[in-house]
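K.L.:
Provided below are the primary sequence and the corresponding predicted coordinates.
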Amino acid sequence: MATKFLNPNYGNSINQKFREKRFNFFLDLLKSINSKQTIQILDIGGTEIYWERLNFINNNNIHITLLNLEQVQVKHKNFTSIKGDARDLSIYNDNQFDIVYSNSVIEHLFSFENQKRMADEIRRVGKYYYVQRPNFYFPIEPHWLFPFFHYLPFKMRVFLTKQFDLGHYNKSDTLEAATLRVKEVTLLTVKEMKNLFPEGKAYHEKFFGLTKSVTLYWFPE
């Protein structure tokens, strides 16, 4: 039951409430963009249902391109889905999008090198950006929902992943699968995020006085 209320895919989850609060901040930033044409948003790793839950699906002044590892069917006319790799957006020109948006994706790239490639592409194809990720220094790891999990030795994290259902993950069937899952997630510190997005400003999301997640954003003053 506790996991259910922390699961962002559950409409009444705590994480969904945090998303709604972050999204209101994003809407305030959006007002700073003065465009007479349709605002083009590239959402890396996004889903249509995410925007539906935030009541942001029938805005004819905005078109959202969803970029994921696989193309999916979309229902709304102001959405497009494409298959792509966030580390290589060479199909797009510089500044092709008004905004590049990404929510809890950059930590799933296995290495800092891959994270830098994604960040460089975001800064290249977007005039502005909004990139959120969980905070390394928050005590509850947001994927395994296990206290201090991300501070444990690598082999211990692999062991727990193989032996137990934790958070959003069922236990892995093999040692190789558990190892791959642990390697995939690399949480970033604020300093590392600012190195990736040097001109970005930081929005800190608080939970009982602790920073739960940090968003690096760049929008007009």
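P.N.:
Perfect, I can see it now. Numbers count the residues shown, from 1 in each chain.
K.L.:
Which pLDDT value goes with Asn34?
P.N.:
Confidence at Asn34, expressed as pLDDT, is 78.
K.L.:
how much space between it and Glu221?
P.N.:
Counting by Cβ to Cβ, to the nearest Å, the separation of Asn34 from Glu221 is 12 Å. (C-beta placed from N, C-alpha, C; glycine too.)
K.L.:
of these two, who's got more company?
P.N.:
Asn34 (6 against 3; other Cβ atoms under 10 Å).
K.L.:
Now do the contacts for the more buried one.
P.N.:
Asn34 sits next to Pro220 when contact means Cβ atoms under 8 Å, 6 or more residues apart in numbering.
K.L.:
show me where the chain has strands.
P.N.:
Along the chain, the stretches classed as strands by DSSP state E are 39-44, 62-68, 79-83, 97-103, 126-134, 140-141, 146-147, 201-207, 210-218.
K.L.:
and Phe110, which of those strands is closest to it?
P.N.:
Relative to Phe110, the nearest member of the strands of the chain by Cβ to Cβ is strand 126-134, separated by 14.5 Å.
K.L.:
So what touches that closest one?
P.N.:
22, 26, 29, 33, 42, 95-107, 119, 122-123, 141-142, 187-188, 193, 197, 200, 212-220.
K.L.:
got the angle for that strand vs strand 201-207?
P.N.:
30 degrees (axes from the mean of the first three to the mean of the last three Cα atoms, to 10 degrees).
K.L.:
pLDDT averaged over strand 126-134 - what is it?
P.N.:
Rounded mean pLDDT across strand 126-134 is 96.
K.L.:
Listing partners with orientation, what would you give for that strand?
P.N.:
As defined by DSSP bridges, the strand partners of strand 126-134 come to strand 97-103 (parallel), strand 210-218 (antiparallel).
K.L.:
Now do it and strand 39-44, the angle between them.
P.N.:
40 degrees.
K.L.:
Which parts of this structure belong to which domain?
P.N.:
1-142+186-218, 144-184 (the TED database).
K.L.:
for the chain, what spans make up the helices?
P.N.:
2-6, 14-30, 48-53, 112-125, 154-163, 175-184, 190-196 (DSSP state H).
K.L.:
Leu188: neighbour count?
P.N.:
20.
K.L.:
whoops, Val105 was the one
P.N.:
With other Cβ under 10 Å as criterion, Val105 counts 20.
K.L.:
Could you list which residues are in contact with the closest residue to it other than its chain neighbours?
P.N.:
Leaving out its chain neighbours, the residue that sits closest to Val105 by Cβ to Cβ, 6 or more residues apart in numbering is Gly45, at 3.6 Å. With contacts defined as Cβ under 8 Å, 6+ apart, Gly45 is in contact with 67-68, 86, 102-105, 108.
K.L.:
Mean pLDDT lowest where, among the domains of the chain?
P.N.:
Across the domains of the chain, the lowest-scoring stretch is domain 1-142+186-218, with a mean of 89.
K.L.:
so how far is that one off the chain centroid?
P.N.:
The chain centroid and the centroid of domain 1-142+186-218 are separated by 5 Å under Cα atoms, centre = their mean, to the nearest Å.
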